[in-house]
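In: coordinates for the following, if possible.
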Amino acid sequence: QVRLVEIGGGLVQPGGSLTISCVAQGPIVSINTMGWYRQAPGKQRELVATMHNGGYTNYAAPVRGRFTISRDNTQNTVLLQMTRLEAEDTATYYCNAEEIMFMSTERKRERRLELWGQGTLVTVFS
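Out: Now for the predicted structure:
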């Protein structure tokens with residue numbers, strides 16, 4: 001009933017920039033935290049950046065200063081602007097949402113603790 005859909009991703013050269021976005025679809029009332037995680041081949045999924053609906057942000061050390069996360073709470077979207085991309089940034093990027101309040105088919109407010117998108121691949125190559 002509710003899902004996350006990522007848009008963007010692709011190929012980019014080192015030093016380049018790319019923006020990926022995610023929209024939460026469905027009868028959503030509110031989302032507490034939205035963010036991005038990534039998983040490189042052979043590695044565990046790791047935090048990239050998160051943003052609370054009040055504006056508080058959290059960045060992983062490797063991307064701090066290069067990536068910027070932003071949200072539009074009215075549209076239930078989250079963007080990740082990535083600059084000065086490095087080969088180490090190559091990964092599948094997953095959108096994440098926590099504490100999602102939505103309207104059920106019975107017109108009741110329900111809460112879902114966590115949602116994940118399907119992932120979008122970002123490849124930094126030279």
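
In: pLDDT on the helix or strand where S21 lies, on average?
Out: Here S21 sits within strand 18-25, counting by DSSP states H and E. In this model, strand 18-25 has a mean pLDDT of 98.

In: buried ones in the helix or strand following it, by neighbour count?
Out: Later in the chain than strand 18-25, the nearest helix or strand by DSSP H and E is strand 28-39. By neighbour count with 16 or more other CB atoms under 10 Å, strand 28-39 contains the buried residues I28, I31, T33, M34, G35, W36, Y37, R38. Glycine gets a C-beta too; all of them are placed from N, C-alpha and C.

In: pretty sure the third one contacts N53?
Out: Yes: with contacts counted by CB atoms under 8 Å, T33 reaches N53, the gap being 7.2 Å.

In: just give me the neighbour total for the closest residue to D89 other than its chain neighbours.
Out: Among residues not flanking D89 along the chain, V124 sits closest, at 5.2 Å (CB to CB, 6 or more residues apart in numbering). Neighbour count for V124, taken as other CB atoms under 10 Å: 19.

In: quick check: bridge partners of V124?
Out: V12 (DSSP bridges).

In: for it, give its distance to S70.
Out: Separation of V124 from S70 (CB to CB, to the nearest Å) stands at 21 Å.

In: and the helices in this protein?
Out: Counting by DSSP state H, the chain has no helices to list.

In: and the strands in this protein, which stretches?
Out: Taking DSSP state E, the strands of the chain run over residues 3-7, 10-12, 18-25, 28-39, 46-52, 57-59, 67-72, 77-82, 91-103, 109-116, 120-124.

In: what's the closest of the buried residues of strand 28-39 to V78?
Out: Ranked by distance to V78 (CB to CB), the buried residues of strand 28-39 are led by M34 at 4.0 Å.
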